[in-house]
Each structure stands twice: as C-alpha cells, then as structure tokens.
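Sharing a sequence plus its predicted fold:
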Amino acid sequence: MIISVLQMPVAFARPDVNIETLRRMVKTTMREDPDVLVLPELWRLGFYPRPIAVHADEDGAESRSVLAELARTNHVNIVGGTVANKRGSKVYNTCYVFDRTGKEIAYYDKTHLFSPSGEKKEFAAGDHLATFRLDGVLCGVAVCYDVRFPELIRKLALEDITVLFLPAAWPASRVNHWQLLTRTRAIENEMYVIAANEAGTDEQGNHLAGHSAIIDPWGEAIAEAGECETILTARLRPGLRQHIRETINVFADRRPELYT
C-alpha cells in the first residue's frame, strides 16, 4: 500500500481557497500513483473560526461531494482529514473516508475535544470509534488530541488494525509532544501511524507544527515533513507488522484481567 499525506497550508476561514489548494495538491500527488490520500484536521476552514456553527458545512455536504469526486475521478482511497460538520443543532469534527469508487465507507466524529482551546464549547463529541478496510487492509482513525488517550488507540489495536490514520491541527509550540506521542502509539501498538498535520496558523495566529509523518510499527518515521506545504509518500511494508508481532508479541503477553 502506498500512502500519500497532504500537509496542506490552510487559509483561515476560506473554504473556497482550501478546496482549490486540495485539488491542486491531489493533482500533483496522483503522479506518484498512491493508493490512499490523507488530509489534515479541519482542512476546509482551519482551526477554527468562531462561532463554528456559522462556518460549518451542513451535513458535511460540500466537503463530502468534493472528496467523493476526487476519490472517484482519481480512483484513489481518501481519508478526508476532518471537517466542521453541522448535523441538526450540533457541530461535529468529522472524518469521512472514501473508497476508490467515491463511496463513503466510514465516518468518525472526534471523541476527545481539546478543552484548553474551548473546543468543548463549540463542538459535540463523537460517540463511536471507526474501523474500515482500504484495499483489504484493516484501518482505524483518530483525530489530533485523541492521540493523548492511549486507551482509545489500544482499543482500535485490539480490533487488529494495521494502520492508524491521525489527522491533526497540532501547534508548533508542542511539536515535541506530537513527535513523541505518534511514535509511541506506533511502537506500543505495533502498527503504522499516518500522522497528517496542517501547515499555516490557527485562529489566534499560532504557528501549526507541520511535521506530518508516516511511522512504521518500530516507531521509525519512514517519511517526515518540515513545517511548510509538503506531500509525503511512502510504501508500507506488508509483512513488517507481522514480523514485529512475532518478535515482540506484546498482545500475547498482555494481562487484561489486571487492567479492568
């Protein structure tokens, strides 16, 4: 499986500009013939204009239409980062996943909301996890702050996912946390972590970290970006995860009776 991460430079509160940026980057990326494209968190708006309900995409309609079209016309799977998605009276931070035909095969609403930024006041928290298959490979998704909750990632790992997709809008001031946490989750769960961060600035002008990475189950970054617009592409080694689990099988050595 060949994965391409689009580290987008997101224009704050300019969905028209961001959609055009996405189209441009997808066109460039497809020259490398990837199997999966991965977008960052809140790529349509940035993190995040307020009140978010005014700017949110009603039922994710525009975003879903664009992503489905790009998946279908390029015959590529897309893990669509996240968008501010208004459902009824609530706004969710939602990741939509599309297969090569443009069919939506999964969605995930961010479950852990970053209270220091006031995210809990603007968004509703999700109530389910999501796993899905891309070209036969079982995958899962978490979003940004979710990576600080190892119990969520372990639950996905216990469902036997091979790849975790992690869209984010992570700030440069905590880039060391981003790098340590993403690698740790890969190592402790013996799986690939595809960490897709934004480039640019957030609502308060804070610089976003970039440093998207494709991390293997040993915790090695087989591809990593800097701070600017970047397209990362890497091929996942299909037998590596199994080799690691045969070498250091932490799942066979777990003591779940002690953890409850």
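Alright, I've got the coordinates. Numbering: from 1, shown residues only.

Buried by neighbour count: which residues of the lowest-mean-pLDDT helix or strand in the chain qualify?
Least confident helix or strand of the chain, by mean pLDDT, DSSP states H and E, is helix 240-247 with a mean of 93. For helix 240-247, a neighbour-count test (16 or more other Cβ atoms under 10 Å) marks Leu240, Arg241, Ile244 as buried. Just so you know, the C-beta spots here come from the backbone N, C-alpha and C atoms, and that holds for glycine as well.

May I ask you to confirm that the first one is in contact with Glu220?
No - between Leu240 and Glu220 there is no contact under Cβ atoms under 8 Å: 10.0 Å.

now for the helix or strand that contains Leu181, which elements pack on it?
Following DSSP states H and E, one finds Leu181 within helix 175-189. Counting contacts by 3 or more Cβ pairs under 8 Å, 6 or more residues apart in numbering; DSSP states H and E, helix 175-189 packs against helix 150-158, strand 163-168, strand 192-197, strand 213-215.

and the angle from that helix to strand 163-168?
Counting by axes from the mean of the first three to the mean of the last three Cα atoms, to 10 degrees, helix 175-189 lies at 160 degrees to strand 163-168.

What lies in contact with helix 175-189?
Contacts with helix 175-189, where a contact means Cβ atoms under 8 Å, 6 or more residues apart in numbering, come from 147-148, 150, 153-154, 156-157, 164, 166, 168, 170, 192-193, 195, 197, 209, 211, 213, 215-219, 221, 250.

Kindly give a single PyMOL line that selects the buried subset of those.
Here is the PyMOL command that selects the buried residues among those (16+ other Cβ under 10 Å):
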select buried, resi 147+153+154+156+157+164+166+168+170+192+193+195+197+209+211+213+215+216+217+218+219+221
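
tell me which residues in the helix holding Leu181 are buried?
Residues of helix 175-189 classed as buried: Val175, Trp178, Gln179, Leu181, Thr182, Arg183, Thr184, Arg185, Ala186, Ile187, Asn189 (neighbour count, 16+ other Cβ under 10 Å).

In the residues you listed, find the pair that's most separated.
Greatest spatial distance among the buried residues of helix 175-189 (Cβ to Cβ): Val175 and Asn189, at 21.8 Å.

thinking again about what came up before, return the member of the buried residues of helix 240-247 nearest to Tyr107.
The nearest member of the buried residues of helix 240-247 to Tyr107, counting by Cβ to Cβ, is Arg241 at 25.3 Å.

hang on, that closest one packs against Val163?
No - counting by Cβ under 8 Å, Arg241 does not reach Val163; the two are 9.1 Å apart.

ok, back up a step: okay, the buried residues of helix 240-247 in TSV with distance to Gly226 next?
Shown next, in TSV, are the buried residues of helix 240-247 (distance: Cβ to Cβ, whole Å):
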residue	distance to Gly226
Leu240	25
Arg241	28
Ile244	28
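
and which of those residues is nearest to His55?
Minimum distance to His55 across the buried residues of helix 240-247 is 39.3 Å, recorded for Arg241 (Cβ to Cβ).

for the closest one, what are its contacts?
With contacts defined as Cβ under 8 Å, 6+ apart, Arg241 is in contact with Thr162, Glu190, Met191, Tyr192, Pro217.

How many residues are close by Asn77?
Neighbour count for Asn77, taken as other Cβ atoms under 10 Å: 25.

just use 21 as the starting number from now, easier for me
OK, 21 is where the count begins now, so the last one is Asn97.

any chance you could read off phi and psi for it?
Backbone torsions of Asn97, given as degrees, to the nearest 10, read phi -70, psi 140.

dump the residue contacts of it.
For Asn97, the residues meeting the contact criterion (Cβ under 8 Å, 6+ apart) are Asp55, Val56, Leu57, Ala91, Val117, Phe118, Asp119, Arg120, Leu154, Asp155.

Which of these has the largest number of neighbours?
Among the contacts of Asn97, Leu57 has the most neighbours (other Cβ under 10 Å), with 28 neighbours.

What distance do you get for the residue nearest in space to the middle of the chain to Thr102?
Nearest residue to the geometric centre of the chain (Cα atoms, centre = their mean): Pro187, 2.3 Å. Distance of Pro187 to Thr102, given as Cβ to Cβ, to the nearest Å: 5 Å.

Perfect, I'm done here.
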